[in-house]
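Enquirer: with the input below, show me the fold.
(2 chains)
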Amino acid sequence: MDLTLTPEQETFRETVRTWLRANIPEEWARQTVAGSDIPRVEAYDLLRRWQRTLYDAGFLGLTWPVEYGGRGLTFVEEIILQQEMALAKAPPVLNVLGIGMAGPTIIAYGTEEQKKRYPAKILSCEEIWCQGYSEPNAGSDLAALQTRAVRDGEHWVLNGQKVWTSFAQFADWMMLLARTDPAAPRHKGITYFLLDMRLPGITVKPLRQITGDAEFNEVFFDSVRVHESEVLGGVNSGWRVGVTTLMYERLTLGFGLQVRLRIALDGLIEMARRVEKTGRAVTKDPLTRQKLAQLWIETESLKYTGARALTRLLRGELPGPEASAGKITWVDVNQRLQEIAMEIQGPYSQLRRGSEWAVEGGAWAHSFLRSRANSIEGGTTEIQKNIIAERVLGLPKD
Amino acid sequence: MDFGFSQEQELLRATARKFFENECPSTFVRARMEEPVGVTDGFWNKLAEQGWLGLVYPEALGGSGLGFVDLTVLMEEMGRCVMPGPFFSTVLLGGLAILEAGSAAQKNEWLGKIAAGEARTTLALTEPNARWDAAGVTVTARQGGSGFVLNGTKLFVPDAHLADVLVVAARVAEGKSPEDGVSLFLVPRDAAGMTVALLPTMDQTRKLCEVTFRDTPVDAGALLGPMGAAWPSIARVLQRATVALCAEMCGGAQKILEMTTDYAKIRVAFGKPIGTYQGVKHKAADMLVDVENAKSLTYYAAWAMDENAPEAGLAASMAKAYVSDAYRKVAGTGIQLHGGIGFTWEHDLHLYFKRAKSSEFTFGDAAYHRERVAQLISL
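Expert: Coordinates of the predicted model:
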């Protein structure tokens, strides 16, 4: 057991730290607010430029093969980068679904041509990706998806609808799951497509959500013609490919989630120090101290549970039970953190952007509302628990 | 970076698991619960033969010279079988106190014997005030004659009735702070004026005692560590013992999770194994999450101990806060998912449930350690 880094990794950390200090955009530092860890729509232009800067400096795709635009390093360097970005309060990476999901899946299942075509542009943010999995009648039960693709010569003709699609309003490409063989068993008739979002017949409609923002979208397909060269991993093999994507999502986003949680917690503690309740700083209230300490402990536990999962990966072993604990813990801690942020602000928590009385510009109200999605997106907590019970603990399927 | 156990450590785990399955089945545990002694000479000698009684002591002092990460593996296996007996009190409380604070002569006298299974000891720290900090030490040691005279009462002292020598924390002076003026003394079992009374306890696998000193004389050579300045040693012993206890608790919690999922696979209700139902599945998943996070924090604390990392104290408190809650919750859920059978004396679950409860309050409960975390992160 050894949590120390090699001299090369220490040097890498120092390089990242120095670079971040010099390169974080000033306008970000000005507008950033503690606790708000989700890129808001108005920051997208800035974030696009920021990702390009990161890419040009060689800090993206660290674990990807060099021939496809990556750096060929290990997950240790990836974690170092994420930690340093958190410490420096750097802007997040915009093309997060491309980097976390599309890229690794294409590298795993793509043809040589696809591998040369897509990953590098994901990293440079030239092409932003969204994920077309969920449908109105296929969320947790993803294999129930109904979007159809019917062969017509060299093309597939696509009809149907996706929903909850983040980034669809400005994405260039979509990871799309569509049913190509309705006669086959549910999991065996699905194909994974790389869909050009500029093809005729695609309509994107924003979905206004609980925060008032329109972060998600509905996407409609009306006889969209996709060329057969855009099938990933073979016709009717989409379920296997799609599940891989989800695995990458849990793994890669998992590291980032812990880091973002820590940023939010540091922000909460800073905010709490400034809040007085009944004549003293709320951080001196014994009950509040208990709650903040518990958040701290669980945020740390997420880090070390992640380190255990990473160790298995580095050793070339299969993921163990610890790999499953991450998302559930993160959801629970983040939602509780946001609740405690509201509790500490008391009546002020009701105020939103636009009120000069609002604490930190009302950012907490936004992140509090946004956190309700955490236990639904990327697999509901109920589904996550079913997965743990069945795949890790071996309990019988219904 | 490698945050996993080595092959040697996995081998130790396999050896320990087999050993305890053979030597410490629940029939053995239950027999020990019924007796005041709580251990057999045969079992104790076998622990010594395995080298486990001196696992973390230096080789020069008769130990194996291994670290806390190695110990973590062994403790998990001990927790898995709810091992009874004075291992914790002897090896990790009294023994570690002698290792931390003792002179060369004191260490030579006792640690080899402890490792060989020839001597048992304990740490008499807590008192009726039930505090784990220095302010809790009110037993007095007055200088007199050729040594000291002890007066006062220690409570919740583990296995004092089995100890050949007790390491006793006592106040020699009122200092500027509660930490000032605390000393440790080696008090032999036959010391005049010392009475040891076994307390009836909920967790019968852990024997606790009241120890009373009425003008108990000890000679000057009984002083362990610097006069009036033993608290840093005690704090370090507590920190290390806390991490070992967390590991033991993780092992117990893991075993409950296994017992419960095994049962959910075979117990049929409404025509299906109960593990088919989401109401059961989700509770089992909650147990797994608690157990895995508990292990992560414990392993990190053990590593921090071995590295003498500056954050070792914080790591120990984070672990104890989390693991105290986790073991209690997991044990409770384990009983719930077993239904009525889990509530019976016959089923082993109550051994774990009670161990979870006694461990929760040993070395400070979750609330105590959360407050320590709050202090250490400068809240």
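Enquirer: what residues does the stretch 201-350 of chain B have near chain A?
Expert: Residues of the stretch 201-350 of chain B lying close to chain A (CB under 8 Å from any CB of the partner chain) are B:257, B:261, B:264-265, B:272-273, B:275-276, B:278, B:280-282, B:284-286, B:288-289, B:292-293, B:295-297, B:299-300, B:302-303, B:318, B:321-322. Placement of C-beta: from N, CA and C, glycine included.
Enquirer: can you pull out the strands in the stretch 251-398 of chain A?
Expert: A:276-277, A:280-281 (DSSP state E, counting those that start in this stretch).
Enquirer: nearest to chain B, of the ones you listed?
Expert: strand A:280-281 (9.5 Å; CB to the nearest CB).
Enquirer: pull up the residues of the stretch 1-150 of chain B that are close to chain A.
Expert: B:1, B:2, B:3, B:4, B:5, B:6, B:9, B:69.
Enquirer: show me which of these is closest to residue A:325.
Expert: Taking CB to CB as the measure, residue A:325 sits nearest to residue B:3 out of the residues of the stretch 1-150 of chain B next to chain A, at 14.3 Å.
Enquirer: tell me which element residue B:250 is part of?
Expert: helix B:231-266 (DSSP states H and E).
Enquirer: sorry, wrong one. I was asking about residue B:299.
Expert: helix B:278-306.
Enquirer: may I see the buried residues of the helix or strand following that helix?
Expert: The helix or strand immediately downstream of helix B:278-306 is helix B:312-338, counting by DSSP H and E. Using 16 or more other CB atoms under 10 Å in any protein chain shown as the test for burial, helix B:312-338 gives B:312-335, B:337-338.
Enquirer: repeat that for stretch A:127-146.
Expert: A:127-135, A:138-139, A:142, A:145.
Enquirer: can you check stretch A:145-155 too?
Expert: For stretch A:145-155, using 16+ other CB under 10 Å, the buried residues are A:145, A:147, A:149, A:155.
Enquirer: list of residues touching it?
Expert: A:132-133, A:135, A:137-138, A:156-162, A:176-180, A:182, A:190-191, A:193, A:221, A:225-228 (CB atoms under 8 Å, 6 or more residues apart in numbering or on different chains).
Enquirer: ok but residue B:218 is inside a helix, no?
Expert: No. According to DSSP: H, G, I helix; E, B strand; the rest coil, residue B:218 belongs to no helix; its state is strand.
Enquirer: as a whole number, average confidence for stretch A:60-79?
Expert: For stretch A:60-79, mean pLDDT is 92.
Enquirer: and it, how far apart are its ends?
Expert: Terminal residues of stretch A:60-79 lie 12 Å apart, using CA to CA, to the nearest Å.
Enquirer: wait, isn't residue B:311 in contact with residue B:304?
Expert: Yes. Assessed by CB atoms under 8 Å, residue B:311 is found in contact with residue B:304 at 6.0 Å.
Enquirer: those two - which one has more neighbours?
Expert: Just comparing residue B:311 and residue B:304: by other CB atoms under 10 Å in any protein chain shown the higher neighbour count belongs to residue B:304, 23 against 15.
Enquirer: pretty sure the more buried one contacts residue B:317?
Expert: No. With contact defined as CB under 8 Å, residue B:304 does not reach residue B:317; the gap is 11.1 Å.
Enquirer: what helix or strand is residue B:215 on?
Expert: Assigned by DSSP H and E, residue B:215 falls in strand B:208-219.
Enquirer: ok, now residue B:170?
Expert: strand B:165-171.
Enquirer: report the inter-axis angle for that strand versus helix B:231-266.
Expert: Angle between the axes of strand B:165-171 and helix B:231-266 is 120 degrees (criterion: axes from the mean of the first three to the mean of the last three CA atoms, to 10 degrees).
Enquirer: spell out for me the ChimeraX command that would select the buried members of the residues of the stretch 201-350 of chain B next to chain A.
Expert: To isolate the buried members of these in ChimeraX, using 16+ other CB under 10 Å:
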select /B:257,261,264,273,275,276,280,281,282,284,285,286,288,289,292,293,295,296,297,299,300,302,303,318,321,322
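Enquirer: residues of the stretch 51-200 of chain A that sit close to chain B?
Expert: Residues of the stretch 51-200 of chain A lying near chain B (CB under 8 Å from any CB): residue A:76.
Enquirer: what does the model give the nearest residue to residue B:119 once chain neighbours are set aside for pLDDT?
Expert: Nearest non-adjacent residue to residue B:119, counting by CB to CB, 6 or more residues apart in numbering or on different chains: residue B:113, 3.8 Å away. You'll see residue B:113 listed with a pLDDT of 98.
Enquirer: the one 4 residues further on too?
Expert: With respect to pLDDT, residue B:117 has a value of 98.
Enquirer: how about it, phi and psi?
Expert: phi 80, psi 20 (degrees, to the nearest 10).
Enquirer: that one: how many residues sit nearby?
Expert: 19.
Enquirer: does it really touch residue B:51, like I thought?
Expert: No. Taking contacts as CB under 8 Å, residue B:117 lies outside contact range of residue B:51: 10.5 Å.
Enquirer: from residue B:342, how far off is residue B:27?
Expert: 19 Å (CB to CB, to the nearest Å).
Enquirer: can you redo the buried residues of stretch A:145-155 as a markdown table with secondary structure, distance to residue B:92 and pLDDT?
Expert: Supplementary listing: those in a markdown table, determined by DSSP: H, G, I helix; E, B strand; the rest coil; distance: CB to CB, whole Å; pLDDT from 0 to 100:
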| residue | secondary structure | distance to residue B:92 | pLDDT |
| --- | --- | --- | --- |
| A:145 | coil | 56 | 95 |
| A:147 | coil | 61 | 97 |
| A:149 | strand | 64 | 98 |
| A:155 | strand | 71 | 98 |
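Enquirer: which of these sits closest to residue B:134?
Expert: Residue B:134 has its nearest neighbour among the buried residues of stretch A:145-155 in residue A:145, at 63.6 Å by CB to CB.
Enquirer: which secondary structure element of chain B has the lowest mean pLDDT?
Expert: strand B:140-144 (a mean of 94; mean pLDDT, DSSP states H and E).
Enquirer: which strands or helices does that strand pack on?
Expert: strand B:147-158, strand B:165-171 (3 or more CB pairs under 8 Å, 6 or more residues apart in numbering or on different chains; DSSP states H and E).
Enquirer: find the nearest non-adjacent residue to residue A:106, please.
Expert: residue A:118 (5.1 Å).
Enquirer: likewise for residue B:95?
Expert: residue B:114 (4.9 Å).
Enquirer: for residue A:32, give me the pLDDT.
Expert: pLDDT, read off for residue A:32, is 56.
Enquirer: if you could redo that for residue A:288, that was the one I meant.
Expert: 97.
Enquirer: that one: neighbouring residues, count only.
Expert: 20.
Enquirer: who's in contact with the nearest residue to it once chain neighbours are set aside?
Expert: Among residues not flanking residue A:288 along the chain, residue A:282 sits closest, at 5.1 Å (CB to CB, 6+ apart). The contact partners of residue A:282, taken as CB under 8 Å, 6+ apart, are A:272, A:275, A:276, A:288, A:344.
Enquirer: ok, residue A:396 next?
Expert: Per CB under 8 Å, 6+ apart, neighbours of residue A:396: A:390, B:265, B:272, B:273, B:275, B:276.
Enquirer: break the chain down into its domains, please.
Expert: If you meant another chain, say so; for now it's chain A. Split into domains by automatic domain parsing, chain A comes to A:7-123, A:129-236, A:241-392.
Enquirer: switch to chain B, please.
Expert: Split by automatic domain parsing, chain B gives B:7-120, B:122-229, B:232-376.
Enquirer: want to try a markdown table for these, with distance to residue A:335 as columns?
Expert: Putting the domains of chain B into a markdown table (distance: least, CB to CB, whole Å) gives the following:
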| stretch | distance to residue A:335 |
| --- | --- |
| domain B:7-120 | 31 |
| domain B:122-229 | 33 |
| domain B:232-376 | 14 |
